[in-house]
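[1] missing the sequence, but the structure's below:
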């Protein structure tokens with residue numbers, strides 16, 4: 001947008017040399033072409049991710065429409081961009097970013113009735129437009145987020161409200177200018193961009209640590225997800241649509257679902273964690289994890305890579321017990337509570353572990369929501 005605006009301004013004023021360039025090529029066409037070229041470079045720097053591809057293709061469709069003097073509606077632009085993405089990369093449908101990216105735009109288009117959004121004329125209008133867009137994107141993506149990740153960030157709108165303006169209007173311009181300007185200007189600009197990002201990381205880390213930062217739910221089935229999506233589209237329908245608020249009712253099966261448990265007998269889930277052992281034992285009113293698998297490196301272990309994602313997909317936020325059979329690294333790992341601190345553990349039993357390691361595991365668990373710990377030497 002910045003490059004397009006500058007190109008449009010310079011071309012409209014004939015580069016201030018009095019040649020009459022707009023009489024040869026309209027300034028709107030030049031601005032659109034310059035913006036598309038800048039977007040291509042920027043998307044290449046970003047690695048051609050699905051959201052970046054979608055944006056580039058939508059800009060290409062709009063630019064083509066401007067050059068052919070045709071008026072296109074937002075749904076047409078989105079449909080063509082979707083088609084082109086699938087033609088170039090049919091496997092994109094397997095990536096969560098594909099569905100989240102395009103469905104977010106569908107919700108924004110639906111909420112605006114497919115019409116172009118007028119440019120805000122003041123700070124209040126700009127803030128209102130930003131809040132409305134964030135609300136639409138958050139509400140619209142909730143069913144898909146639960147389906148794909150079994151959790152929803154409750155602080156996401158707040159984080160976006162801070163991160164998007166900061167990165168868009170401060171970090172990115174400073175980084176781009178710092179990459180082309182000579183010393184010492186480039187050093188000052190890049191250090192300023194880094195300082196802004198550092199402050200943002202601290203703020204986001206604080207937000208992510210809040211007790212209610214994330215809401216978790218079991219992975220829904222297709223019927224529940226489809227019902228929630230229909231309710232979402234109904235809720236975000238344009239003004240004048242009857243009973244829009246009733247769309248929330250279609251979310252009830254999604255929001256009220258709890259983790260499944262056996263009605264009778266015992267469920268045994270053996271995790272595929274390679275060398276070692278990790279088994280989840282479930283009855284109707286009790287869940288116990290026997291061993292936590294191996295620890296491969298300081299950043300990777302069976303608990304964080306396998307067990308915690310499984311518990312998250314089931315919507316399990318509480319374990320009644322954790323048994324660590326002995327101190328071998330492929331059985332004890334780093335213990336699940338340290339890697340899944342949002343899950344409550346009622347009791348930890350450490351057996352066959354040297355007292356120092358057992359005490360350390362007990363302290364780690366109890367410091368993180370474990371009610372009692374027993375160390376059996």
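    Alright, I've got the coordinates. Not measured: the values here are computed from a predicted model.
[2] tell me where the stretch 151-300 of the chain has strands.
    151-153, 214-216, 267-270, 279-282, 287-290, 295-297, 300-301 (DSSP state E, counting those that start in this stretch).
[3] out of those strands, deepest packed?
    Most buried of these, by mean neighbour count (mean count of other Cβ atoms under 10 Å): strand 287-290, with a mean of 21. No exception for glycine: its C-beta is placed from N, CA and C like everyone else's.
[4] and that one, what other elements does it pack with?
    Helices and strands touching strand 287-290, by 3 or more Cβ pairs under 8 Å, 6 or more residues apart in numbering; DSSP states H and E, are strand 279-282, strand 318-319, strand 321-324.
[5] want to throw the ones you listed into a markdown table with distance to residue 229 and mean pLDDT?
    Converted to a markdown table, these look like this (distance: least, Cβ to Cβ, whole Å; pLDDT from 0 to 100):
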| stretch | distance to residue 229 | mean pLDDT |
| --- | --- | --- |
| strand 279-282 | 30 | 91 |
| strand 318-319 | 29 | 79 |
| strand 321-324 | 37 | 80 |
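[6] okay, and for the chain, where does confidence drop off?
    Within the chain, the ranges that satisfy pLDDT under 70 run 113-122, 327, 329, 331, 333-377.
[7] let's see 50
    For the chain, the stretches with pLDDT under 50 are 114-118, 336-343, 352-359, 361-377.
[8] so which of the helices and strands packed on strand 287-290 gets nearest residue 177?
    Nearest of these to residue 177, taken as Cβ to Cβ: strand 318-319 at 50.8 Å.
[9] in its sheet, what does that closest one sit against?
    Looking at strand 318-319 with DSSP bridges, its partner strands are strand 344-351 (parallel).
[10] re the thing from before, tabulate the strands of the stretch 151-300 of the chain (TSV), appending distance to residue 7.
    Shown next, in TSV, are these (distance: least, Cβ to Cβ, whole Å):
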stretch	distance to residue 7
strand 151-153	38
strand 214-216	43
strand 267-270	59
strand 279-282	60
strand 287-290	60
strand 295-297	49
strand 300-301	48
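[11] and residue 26, which of those strands is closest to it?
    The closest of these to residue 26 is strand 151-153. By Cβ to Cβ, the value is 44.3 Å.
[12] contacts for the host helix or strand of residue 66?
    Assessed by DSSP states H and E, residue 66 sits inside helix 50-67. The contact list for helix 50-67, computed with Cβ atoms under 8 Å, 6 or more residues apart in numbering, reads 28-29, 32-33, 35-36, 39-40, 42-43, 46, 71-72, 76-78, 80-82, 84-85, 88-89, 92, 95, 97-98, 101-102, 105.
[13] now those: which count as buried?
    28-29, 32-33, 35-36, 39, 43, 77-78, 80-82, 84-85, 92, 98, 101-102, 105 (16 or more other Cβ atoms under 10 Å).
[14] pull the number of nearby residues for the nearest residue to residue 187 once chain neighbours are set aside.
    Among residues not flanking residue 187 along the chain, residue 178 sits closest, at 7.6 Å (Cβ to Cβ, 6 or more residues apart in numbering). Using other Cβ atoms under 10 Å, residue 178 is surrounded by 18 other residues.
[15] same check, this time on residue 222
    Residue 222 has 8 nearby residues by other Cβ under 10 Å.
[16] and it, how far is that from residue 32?
    Relative to residue 32, residue 222 is positioned 41 Å away (Cβ to Cβ, to the nearest Å).
[17] likewise residue 13?
    Taking Cβ to Cβ, one finds residue 13 at 17 Å from residue 32.
[18] with residue 240 instead?
    Per Cβ to Cβ, residue 240 is found 33 Å from residue 32.
[19] same question for residue 130.
    24 Å.
[20] same question, residue 302
    Distance of residue 302 to residue 32, computed by Cβ to Cβ: 52 Å.
[21] do the same with residue 208
    Taking Cβ to Cβ, one finds residue 208 at 39 Å from residue 32.
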